[in-house]
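A.B. asks: model the structure of this input:
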Amino acid sequence: MENEVTLLATSAMGLEAIVKREVKQLGYEPKVDNGKIMFNAPLSGIPRANLWLRTADRVKLVVGESRIESFAELYDWIYSLPWEQYIPEDGKFPVIGKSHQSKLFSVSDCQAITKKAIVDRLKLKYGIAHRMPETGALYRVEITLLKDMATVTLDTSGVGLHKRGYRVATGEAPLKETLAAALVLLTNWRGEDILVDPMCGSGTILIEAALIGQNIAPGFNRNFAAEEWPFIGEKLWNEAFKEAEDLAKYDQKLAIYGSDIDHRMVEMSKQNAAEIGLYDVISWKQMQLKDLRIKEPNGYLISNPPYGERLKDREYVESLYQTLGDIMRNHPSWSVYILTSHKQFERLYGKKATKRRKLFNGFIETQYYQYFGKKA
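C.D. replies: Have a look, this model is predicted:
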């Protein structure tokens, strides 16, 4: 097999530019489309991308791309691809699919034909007369059709990359780790200044910030599907984990503070931070927002407060936003970043944002309100 592969990092809408920047930082040249960041890399790029991409959802290996307009074409094209280079004789390869604005609109038929073509090819290559065993490592195949362009991939990540392995406890509406990391990366905070989240929930934003501040690879605490793939090999994974270990700055001192009105949320935050080895890095406190006291200049406040989506919560949430605005008005050197779906946030906060960015928190359309501080 050639040493270079084409990889596809998927992302939530609105985060493509951040994933692109992360891919460039790994040393690869990305091309961006809606929710997709494509790049060529050596095989070592598979473990490195999985370990380091903080804001991508998954990393997929592109097996092939082609224009397809009939089921016969789909079968022939899938059959022609070198599946034996990737999937061993005992490999388990479920097929999932998507189709949008394509002649082949039946996803179940596309999946069935893709599966049959791969099975037929592998049975011929491995000399198997009976059913494929599928008892080994997982190779999840995805066939995607968009305007008659077909892309077939193998999912190298396994569970989504937002599953860092540290969240042992969560509240009602936890923020995805990938989005939390994006909220931090969209600021200029990189660890030198004080960082506060006074409505921290289960602590995800601050934990992701601490990982960024100490340059800890977000995937170091979990496993990936492709770790079991023989064509990549244990050596490349070991090298990638060693690189991550060597680049981590575990001794980097950080001034990160989280608080929440709910003591149960504070306990969850402590548990989650302890799970990933950051218990002593972040300070947690049970506290009402109105009791927030800021003593140093030039800090950062990043938060994902309640949105007031439920009518009964609206009044409480709006008073929170007003309280936050009243507090921060006295600290113009601080930069404030708030994610919310509430349309009247700026009015309630009492100031127009320096910049706004549309982001999706799950299926909820939100705005990321950014107030840039004037350095004291």
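A.B. asks: care to break the chain down by domain?
C.D. replies: Following automatic domain parsing, one finds the domains of the chain at 4-155, 177-216+249-371.
A.B. asks: these into JSON lines, with extra columns for distance to Val168, mean neighbour count and mean pLDDT?
C.D. replies: C-betas here are computed from N, CA, C, even on glycine. Below are the domains of the chain laid out as JSON lines (distance: least, CB to CB, whole Å; neighbours: other CB atoms under 10 Å; pLDDT from 0 to 100):
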{"stretch": "domain 4-155", "distance to Val168": "20", "mean neighbour count": "18", "mean pLDDT": "96"}
{"stretch": "domain 177-216+249-371", "distance to Val168": "5", "mean neighbour count": "18", "mean pLDDT": "96"}
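A.B. asks: could those domains be laid out in CSV, adding distance to Gly165?
C.D. replies: Shown next, in CSV, are those (distance: least, CB to CB, whole Å):
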stretch, distance to Gly165
domain 4-155, 12
domain 177-216+249-371, 7
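A.B. asks: so which of these is nearest Phe224?
C.D. replies: Nearest to Phe224 among the domains of the chain is domain 4-155 (4.9 Å), distances taken as CB to CB.
A.B. asks: okay, Leu138 and Ala225: tell me how far apart.
C.D. replies: Distance of Leu138 to Ala225, given as CB to CB, to the nearest Å: 5 Å.
A.B. asks: then Ala72?
C.D. replies: For Ala72, the distance to Ala225 - CB to CB - is 31 Å.
A.B. asks: and for Ala182?
C.D. replies: Distance of Ala182 to Ala225, given as CB to CB: 24 Å.
A.B. asks: cool, and Asn40?
C.D. replies: Shown here: Asn40 relative to Ala225, a distance of 21 Å by CB to CB.
A.B. asks: residues in contact with Asn272?
C.D. replies: By CB atoms under 8 Å, 6 or more residues apart in numbering, Asn272 lies in contact with 166-169, 202-204, 207.
A.B. asks: just put these in JSON lines and tack on secondary structure and distance to Gly362.
C.D. replies: Formatted as JSON lines, the contacts of Asn272 follow (DSSP: H, G, I helix; E, B strand; the rest coil; distance: CB to CB, whole Å):
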{"residue": "Tyr166", "secondary structure": "coil", "distance to Gly362": "20"}
{"residue": "Arg167", "secondary structure": "coil", "distance to Gly362": "15"}
{"residue": "Val168", "secondary structure": "coil", "distance to Gly362": "21"}
{"residue": "Ala169", "secondary structure": "coil", "distance to Gly362": "19"}
{"residue": "Ser202", "secondary structure": "coil", "distance to Gly362": "15"}
{"residue": "Gly203", "secondary structure": "coil", "distance to Gly362": "18"}
{"residue": "Thr204", "secondary structure": "helix", "distance to Gly362": "13"}
{"residue": "Ile207", "secondary structure": "helix", "distance to Gly362": "19"}
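A.B. asks: ok, back up a step: tell me, what's touching Leu138 and Ala225 both at once?
C.D. replies: Contacts common to Leu138 and Ala225, judged by CB under 8 Å, 6+ apart, are Gly158.
A.B. asks: secondary structure element for Tyr368?
C.D. replies: Assessed by DSSP states H and E, Tyr368 sits inside strand 364-371.
A.B. asks: strand partners of that strand, parallel vs antiparallel please.
C.D. replies: When pairing is defined by DSSP bridges, strand 364-371 lines up against strand 335-340 (antiparallel), strand 355-361 (antiparallel).
A.B. asks: turn these into CSV, columns for distance to Asn215.
C.D. replies: CSV is the format used below for the strands paired with strand 364-371 (distance: least, CB to CB, whole Å):
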stretch, distance to Asn215
strand 335-340, 21
strand 355-361, 24
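A.B. asks: with respect to Glu239, which of the ones you listed lies nearest?
C.D. replies: Closest to Glu239 of the strands paired with strand 364-371, according to CB to CB: strand 355-361, at 34.4 Å.
A.B. asks: pull the distance from the closest one to the chain's centre.
C.D. replies: 16 Å (CA atoms, centre = their mean, to the nearest Å).
A.B. asks: the strands in the chain, which residues?
C.D. replies: 4-10, 31-33, 36-42, 58-67, 95-100, 140-146, 149-155, 195-197, 256-260, 282-286, 300-303, 335-340, 355-361, 364-371 (DSSP state E).
A.B. asks: ok, which of those comes nearest Glu16?
C.D. replies: The minimum distance between Glu16 and the strands of the chain falls on strand 31-33, with 5.1 Å, by CB to CB.
A.B. asks: gap between stretch 127-141 and the chain center?
C.D. replies: Distance, stretch centre to chain centre, for stretch 127-141: 30 Å (CA atoms, centre = their mean).
A.B. asks: and that stretch, end to end?
C.D. replies: When the termini of stretch 127-141 are compared using CA to CA, to the nearest Å, they are 22 Å apart.
A.B. asks: cool, stretch 357-370 as well?
C.D. replies: Using CA to CA, one end of stretch 357-370 lies 8 Å from the other.
A.B. asks: list the contacts of that stretch.
C.D. replies: Residues outside stretch 357-370 that contact it (CB under 8 Å, 6+ apart) are 12-15, 175-176, 179, 182-183, 186-187, 304, 307, 309, 335-341, 345-346, 349, 353-356.
A.B. asks: what about 10 Å?
C.D. replies: Defining contact as CB atoms under 10 Å, 6 or more residues apart in numbering, one finds that stretch 357-370 is touched by 12-15, 17, 173-176, 179, 182-183, 186-187, 302, 304, 307, 309, 321, 335-343, 345-346, 349, 351-356.
A.B. asks: out of the residues you listed, which are inside helices?
C.D. replies: Judged by DSSP state H, the subset of these located in helices is 17, 179, 182-183, 321, 345-346, 349.
A.B. asks: quick one: the residue nearest to the spatial centre of the chain from Asn40, how far?
C.D. replies: Among the residues of the chain, the one closest to the centroid is Thr178, at 3.1 Å (CA atoms, centre = their mean). Thr178 sits 23 Å away from Asn40, going by CB to CB.
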